[in-house]
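J.: what's the 3D shape of this:
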Amino acid sequence: MQIANTLKAKIFESLTNLGLSGVSEKDILLEHPADKNHGDYSTNIALILFGNSKAETNISSAKELAQTIADDLQKMLNESSSISKVEIAGPGFINFTLSDQFLLVKMGTVVKNRGDVIKKKLSGKKVMIEFTDPNPFKELHIGHLYSNIVGEAIAKSYEALGAEVKRACYQGDVGMHVSKSIWGMKALFLEKYPDKTVQEALAELELVSLKEKVSFLGKSYATGATAYKDDEVAKEKIKDINYLAFISAQETQKELNGFESQVDYKKNISNFSQDSSEYLEVKNMYESGRQWSLDYFESMYSRIGMSFDEFFFESLVGEFGYKIVNEYLKNGIFEKSDGAIIFPGSKYGLHDRVFINSLGFPTYEAKELGLAPEKFRRFAYDKSIVITGNEIDEYFKVLLKALEFTNPDLRKKTTHLSHGMVRLPEGKMSSRTGKVITAEWLMNEAHEKIKKHMVGIRAEFTEVELENISELVGMGAIKFAFLKQSIGKDISFSLEESLSFSGNSGPYIQYTYVRCHSVLTKAQNTVFKIVEAEVAVDGDSSIADYFDTLLNIKSYLNYHPNKEEKDILRNLYKYSDVVSLATDEYSPHSIVNYLYELAQSFNTFYGLHKVVEENNGESNKETLEFRLLLVQSIAQVIKHGLHILGIEVVDRM
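T.: This is a model prediction of the structure:
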């Protein structure tokens, strides 16, 4: 970014010299041209000035204006070691080509900083990012997995720019899905353990694996959901259970957080007693099912390779939201309507939504309203990002408008980022008896397919190696495929394509890293035999010491790169710009595309040129030193970039 800022300053200085007005330095846009023949940076400032008729000259075209500016810039930059030439192209673009010297210096900086060359422009900033948000008692499905992968990539990109990031997960531990599950649990208990009490049946389930517990919850929810739809008696019973589940949740929050409830759910149950057998059954099933779900989610996050810093639950923040809505009802922000309390969004070009229903209970909207201040209480953020599916975009517009009145400061700090749905091709994945595709199933499929591929080509790998590599490559394939498409639209996902070892895929990028690692390993075993004494590396030194020595003597700065080497160098220097822009625009796909382009440029080079040969001679010493630094820089950037995407590298494949 430093060279870009320098160029902007020089362009503005040139405009001032030429008497051109109408823009400020911040209005000057610099981009990386898609066609490398058009240089490394390009600006359309001449087109803007001429198009707006703000240029106080007699110049007849944008192209002529661009040439005038370019000529002046070339004079100003003659002494620069960073820019080799300034040219114009098309109707009036000004293109800048970076010098070999600049690119070589940047390569050395990459090696010195182990790939982390990102300017920490967000240092000191606090960011909370909410994503995934699965509901206890239900399965972690492919949509949750997508949200998790997107959220983690955005979190890591903010961290790469120096921000302190807290990852938050908001979970619906109350609601009809919970009461349906509890009804289903008891129904299944009666089938499986007809002679046992609910407490005894729960004790039996405590003896089985977590996976079996979660499978039982899935069946319970399906049983309850079907009964709610088809059986009126069961439907009314499930509604009654819902009140008891809310009371159970309040008790859980009281035990965990010492929180005193604001909402009286007991008023809807005649002769309610906390000692009644019905309530105690519901409470025990609620507490057990909730904990099984949370434990299972945690195991999935661990497998995905991430963890959350904060967990928020509807059962808690709903109480806060209830209080907020009633407070602002007095101010006219909310209104009463048919026994409920609504936010009149229609006054603001939106739609009206219920925040407290006619039973006096906070809705999902009120819960969200209570969530924002609770987040800030735990972590005084400068920015809050909420990532959800785009199916609730209109709902969120109303929510944010309400937040604008109840807490304008937090509204200014809050950004809602929505993503599309994961669309699957017709066939096995999309027609599995109409059931939701779980995150675990997809991860298992990727793992097994990669393992099957590896067994066929890597007979020397042990079973442990196969398992570890298959897990990392399979998980990386899913993440890369999910992230290579822009957020906001539905994404088309093909498991077979994502697992390919060629093309724009995770395994292709990981294999490129393996290839770099192989080159460096070979160098570790041979390079010290041909290094001159002036390099000062002995036989016991590591290749890291060798690189440190090369960086100190700076011999690589005198190297003249060939076309393929220069293509790599021109990709390397852009890395910091790419990550910075990807963070600003919530576009991890930009990092994906960058890594693919970098990998392609390296593999083209690798196919045409040797890096380490058995009989390297004195005449090749300069080339060897440069190319080892080049390979090291590529490996480090790939590793760093994949880390931002949440993907781990492997040394062997």
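J.: can we go C-alpha only for contacts and neighbour counts from here?
T.: Noted.
J.: same for the helix or strand containing residue 565, what does it pack against?
T.: Element membership of residue 565 [criterion: DSSP states H and E] is helix 563-572. Packed against helix 563-572 by the contact rule (3 or more C-alpha pairs under 8 Å, 6 or more residues apart in numbering; DSSP states H and E) you find helix 100-112, helix 588-608, helix 621-644.
J.: same thing but 7 Å
T.: If you count contacts as 3 or more C-alpha pairs under 7 Å, 6 or more residues apart in numbering; DSSP states H and E, helix 563-572 packs onto helix 100-112, helix 588-608.
J.: for it, list the C-alpha coordinates in PDB.
T.: The C-alpha trace of helix 563-572 is given here as PDB (Å, rounded to 0.1, in the frame of the first residue of the first chain):
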ATOM      1  CA  LYS A 563       9.900 -13.500 -17.600                       C
ATOM      2  CA  GLU A 564       8.500 -16.300 -15.500                       C
ATOM      3  CA  GLU A 565      10.400 -15.100 -12.400                       C
ATOM      4  CA  LYS A 566       9.200 -11.500 -12.900                       C
ATOM      5  CA  ASP A 567       5.600 -12.700 -13.300                       C
ATOM      6  CA  ILE A 568       6.000 -14.200  -9.800                       C
ATOM      7  CA  LEU A 569       7.600 -11.100  -8.400                       C
ATOM      8  CA  ARG A 570       4.800  -9.000  -9.800                       C
ATOM      9  CA  ASN A 571       2.300 -11.200  -8.000                       C
ATOM     10  CA  LEU A 572       4.100 -11.300  -4.700                       C
END
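J.: run the chain-centre distance for whichever helix or strand comes after that helix.
T.: As assigned by DSSP H and E, the chain's next helix or strand after helix 563-572 is helix 575-584. Using C-alpha atoms, centre = their mean, to the nearest Å, the mean C-alpha position of helix 575-584 is found 13 Å from that of the whole chain.
J.: let's test this: mean pLDDT of the longest helix along the chain, rounded?
T.: Counting residues, the longest helix found in the chain (DSSP state H) is helix 277-304. When pLDDT is averaged over helix 277-304, the result is 98.
J.: now do the buried residues in it.
T.: For helix 277-304, burial by neighbour count (16 or more other C-alpha atoms under 10 Å) applies to 279-286, 288-290, 292-294, 296-297, 300, 304.
J.: where in this protein is the helix or strand with the lowest mean pLDDT?
T.: Here the helix or strand of the chain ranked lowest by mean pLDDT, DSSP states H and E is helix 543-553, holding a mean of 83.
J.: orientation of it relative to helix 100-112 in degrees?
T.: Direction vectors for helix 543-553 and helix 100-112, defined by axes from the mean of the first three to the mean of the last three C-alpha atoms, to 10 degrees, enclose an angle of 140 degrees.
J.: run the chain-centre distance for helix 543-553.
T.: For helix 543-553, the separation from the chain centroid amounts to 35 Å (computed by C-alpha atoms, centre = their mean).
J.: same thing with stretch 400-411?
T.: 26 Å.
J.: looking at it now, give me its mean pLDDT.
T.: On average, stretch 400-411 scores 98.
J.: go through that stretch and flag the buried ones.
T.: Buried residues in stretch 400-411 (16+ other C-alpha under 10 Å): 400-403, 406, 410-411.
J.: what about that stretch, start to end distance?
T.: Terminal residues of stretch 400-411 are spaced 7 Å apart (C-alpha to C-alpha, to the nearest Å).
J.: and the pLDDT at residue 477?
T.: We have a pLDDT of 98 for residue 477.
J.: tell me the phi and psi of it?
T.: Phi and psi for residue 477, reported as degrees, to the nearest 10, are phi -60, psi -40.
J.: please name the nearest non-neighbouring residue to it.
T.: In space, residue 477 comes closest to residue 506 once its chain neighbours are excluded; the distance is 4.4 Å by C-alpha to C-alpha, 6 or more residues apart in numbering.
J.: can you tell me how far residue 137 is from residue 599?
T.: 43 Å.
J.: neighbour count winner among the two?
T.: Just comparing residue 137 and residue 599: by other C-alpha atoms under 10 Å the higher neighbour count belongs to residue 137, 28 against 24.
J.: got the buried residues for the least confident helix or strand of the chain?
T.: Within helix 543-553, the residues scored as buried using 16+ other C-alpha under 10 Å are 543, 546-547, 549-551.
J.: next: stretch 565-583.
T.: 565-573, 575-580, 582-583.
J.: downstream neighbour of the helix or strand containing residue 201 in the secondary structure list?
T.: Element membership of residue 201 [criterion: DSSP H and E] is helix 198-205. Using DSSP H and E, the helix or strand that follows helix 198-205 in sequence is helix 210-230.
J.: which residues in the stretch 401-550 of the chain form strands?
T.: 414-419, 422-423, 491-492 (DSSP state E, counting those that start in this stretch).
J.: to residue 264, which of those strands lies closest?
T.: For those, the distance to residue 264 is smallest for strand 414-419, at 30.7 Å, taking C-alpha to C-alpha.
J.: what does that closest one contact?
T.: Residues from elsewhere that reach strand 414-419, judged by C-alpha atoms under 7 Å, 6 or more residues apart in numbering: 383-390, 487-489.
J.: helix/strand/coil for residue 272?
T.: Per DSSP: H, G, I helix; E, B strand; the rest coil, the local secondary structure of residue 272 is coil.
J.: what do you get for residue 79?
T.: With three-state DSSP as the basis, residue 79 sits in coil.
J.: ok, it - how many residues close by?
T.: Neighbour tally, residue 79, other C-alpha under 10 Å: 10.
J.: with residue 26 instead?
T.: For residue 26, using other C-alpha under 10 Å, the count is 10.
J.: for my notes, confirm it occurs in a helix.
T.: Yes - judged by three-state DSSP, residue 26 forms part of a helix.
J.: any chance of the helices and strands packed on helix 563-572 in CSV, with distance to residue 217 too?
T.: Putting those into CSV (distance: least, C-alpha to C-alpha, whole Å) gives the following:
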stretch, distance to residue 217
helix 100-112, 50
helix 588-608, 35
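J.: how about those helices in a markdown table, adding mean pLDDT?
T.: Below are the helices and strands packed on helix 563-572 laid out as a markdown table (pLDDT from 0 to 100):
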| stretch | mean pLDDT |
| --- | --- |
| helix 100-112 | 95 |
| helix 588-608 | 98 |
